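> Pasting a predicted model and its sequence here:
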Amino acid sequence: MNKIYLDNAATTPLAEEVIDAMVGTMKMNFGNPSSTHSFGQEAKILIENVRRQIADYLHVTPAEIIFTSCGTESNNMIIKSSVEHLGVERIISSPLEHKCVSESILDMKNRRGVEVVYIRPNEKGDIDLNKLEELLKSSDKKTLVSLMHANNEIGNIVDIKKIAELCKANNALYHSDTVKTMAHMKFDFSDIPVDFASCSAHKFHGPKGIGFAFIRKATGMKGIITGGPQERSLRAGTENVSGIVGLGKALDLCVNNMEAYAGHIREIKEYAIERLTAEVPNIKFNGRSGEMENSVDSVLSALLPYKNPLIGLQLDMKGIAISQGSACSSGASKPSMVMMMVLSEDEMDHCTPLRISFSHMTTKAEIDALAEALKEISKDFAIEKTNVEHR
């Protein structure tokens, strides 16, 4: 059976060039970057080259790029250090954030008494920026706004620049979880006054276990992992040299091929919408994911018109890997907070969400296979429903 991978929002396949770069580093550059001898300094140079590469991509200084293990660590560090070291007393966020953001915020509420205010999205998953401005003006408490750039389940994109400008105008800090968009879109943080952003390499064909945080130097952020002076004393611990090299190679590939990759993914998404609409009667697309504007092209959140909690297993048995929501919540027995925000109570009770996510490696033939599989499964449910109605 040929296996089909349509869960790129959870993680992406490693690019061959990334594997080669990492293996070469592990063989030839095994020194500790903190060592003063040549072995260590050769490894240190590799790290600093990637740091400069990321800084150039974001139009920031290398000192503002801090390597971490992933987006979750970056988000934890930013949110918790903002409270612990920058005096944040109030956090404005939304129920659509990734679990690592929402849990970090709740931790600060429970342990540090931080006031937390949530902006409830509309049924399409959009955030009301007029409401955000109203909230920013309603309190003199030092405030952190944490709103992700693009949602990992329904694909909605927020206006990151407008939010950053609203925060700056109201003396608030702005943190954006950019894990879904980093290396997939162009960024200019010299023009977008965001204070903090996060990244995970495995979302753009790099290795797992490596990411980075953008921390604007003017904020005065301090680290929460203490020890040695690595990463400007913001993140102690021996650096993951091969992982950093892999991140750099993956970023290089995605940035240099951004237009071609984006064009292919957009074509695949349009084709998937067309095929699924034709083969699955009454299918619906959640949030803005079924639109070609205001959403990332790599995510399509579908809602099947019947309840089938085993859909993921059935598709997997047909060789198709897919998810019903965020990978970090996929083992949960109840729907994710994102789905609870954008689906009606009736849809929650009688329909089945699917998250289909693409990369530049996805083919139309794979979409055809998915459409045929869903058509077959949907037909079985239609027969079952007819039998029940005739009893």
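Thanks, I have the structure now.
> burial measure for Leu14, as a count.
Neighbours of Leu14 under the rule other Cβ atoms under 10 Å: 17. For glycine as for every other residue, the C-beta is placed from the backbone atoms N, C-alpha and C.
> Against Ala250, how distant is it?
8 Å (Cβ to Cβ, to the nearest Å).
> Quickly list what's touching both of these two.
205-207 (Cβ atoms under 8 Å, 6 or more residues apart in numbering).
> Using CSV, lay out the residues you listed together with pLDDT.
Listed next are the shared contacts of Leu14 and Ala250 as CSV, based on pLDDT from 0 to 100:
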residue, pLDDT
His205, 98
Gly206, 98
Pro207, 98
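> From those, list the buried ones, please.
Neighbour counting by 16 or more other Cβ atoms under 10 Å classes 205-207 among the shared contacts of Leu14 and Ala250 as buried.
> quick check, nearest of these to Lys318?
Among these, His205 lies closest to Lys318 (Cβ to Cβ), at 25.2 Å.
> separation between the closest residue in space to the closest one that isn't next to it in sequence and Asn256?
Nearest residue to His205 in three dimensions, chain neighbours excluded: Ala15, at 4.3 Å (Cβ to Cβ, 6 or more residues apart in numbering). Ala15 sits 12 Å away from Asn256, going by Cβ to Cβ.
> and the two? which has more neighbours close in?
A count of neighbours by other Cβ under 10 Å puts Ala15 above the other of Ala15 and Asn256, at 20 against 10.
> Check the gap between the more buried one and Ala183 for me.
12 Å.
> Overlap of the contact sets of the two?
Ala250.
> what stretches of the stretch 201-350 of the chain score poorly on pLDDT?
Flagging of the stretch 201-350 of the chain using pLDDT under 70 yields the residue ranges 325-334.
> try 90 this time
292-293, 324-336 (pLDDT under 90).
> Are we agreed that Phe214 is in a strand?
Yes. Counting by DSSP: H, G, I helix; E, B strand; the rest coil, Phe214 is located in a strand.
> residue contacts, it?
58, 60, 64-66, 189, 194, 196-199 are the contacts of Phe214 under Cβ under 8 Å, 6+ apart.
> Just the ones of those in helices?
Leu58 (DSSP state H).
> Which pair in the contacts of Phe214 has the greatest spatial separation?
Across the contacts of Phe214, the longest distance by Cβ to Cβ is 14.8 Å; it joins Ile66 and Val194.
> ok, which stretches of the stretch 201-350 of the chain are helices?
241-256, 258-279, 311-317, 337-342, 345-350 (DSSP state H, counting those that start in this stretch).
> now the strands for the chain?
Ranges of strands in the chain, per DSSP state E, are 4-5, 65-68, 90-93, 115-118, 143-146, 173-177, 196-200, 211-215, 284-285, 299-304, 320-321, 352-357.
> Output those strands in CSV, with distance to Lys99 appended to each entry.
What follows is the strands of the chain, written out as CSV (distance: least, Cβ to Cβ, whole Å):
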stretch, distance to Lys99
strand 4-5, 23
strand 65-68, 17
strand 90-93, 12
strand 115-118, 15
strand 143-146, 13
strand 173-177, 11
strand 196-200, 14
strand 211-215, 16
strand 284-285, 23
strand 299-304, 17
strand 320-321, 21
strand 352-357, 15
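> on that earlier part again, Leu251 is in contact with the residue nearest to His205, correct?
No. The pair Ala15 / Leu251 is not scored as a contact, 10.8 Å apart, by Cβ atoms under 8 Å.
> joint contacts of these two?
Contacts common to Ala15 and Leu251, judged by Cβ under 8 Å, 6+ apart, are Gly206.
> who's in contact with the closest residue in space to Val179 that isn't next to it in sequence?
Leaving aside its sequence neighbours, Val179 sits nearest to Gly71 (Cβ to Cβ, 6+ apart; 4.0 Å). Contacts here follow Cβ under 8 Å, 6+ apart; on that basis Gly71 touches 98, 100, 177, 179, 198-200, 203, 211.
> wait, isn't Gln324 in contact with Arg355?
Yes. If you go by Cβ under 8 Å, Gln324 and Arg355 touch, sitting 6.5 Å apart.
> wait, doesn't Glu42 sit right on Phe30?
No. Look at Glu42 against Phe30 with Cβ under 8 Å: they stay out of range, at 9.5 Å.
> Have a look at those two and say which one is more surrounded.
Shown here are Glu42 and Phe30; by other Cβ under 10 Å, Glu42 has more neighbours (17 against 13).
> Enumerate every residue touching that one.
With contacts defined as Cβ under 8 Å, 6+ apart, Glu42 is in contact with 29, 31.
> One more pass at 10 Å, please.
When contacts are counted by Cβ atoms under 10 Å, 6 or more residues apart in numbering, Glu42 touches 25, 28-31, 33, 35, 241.
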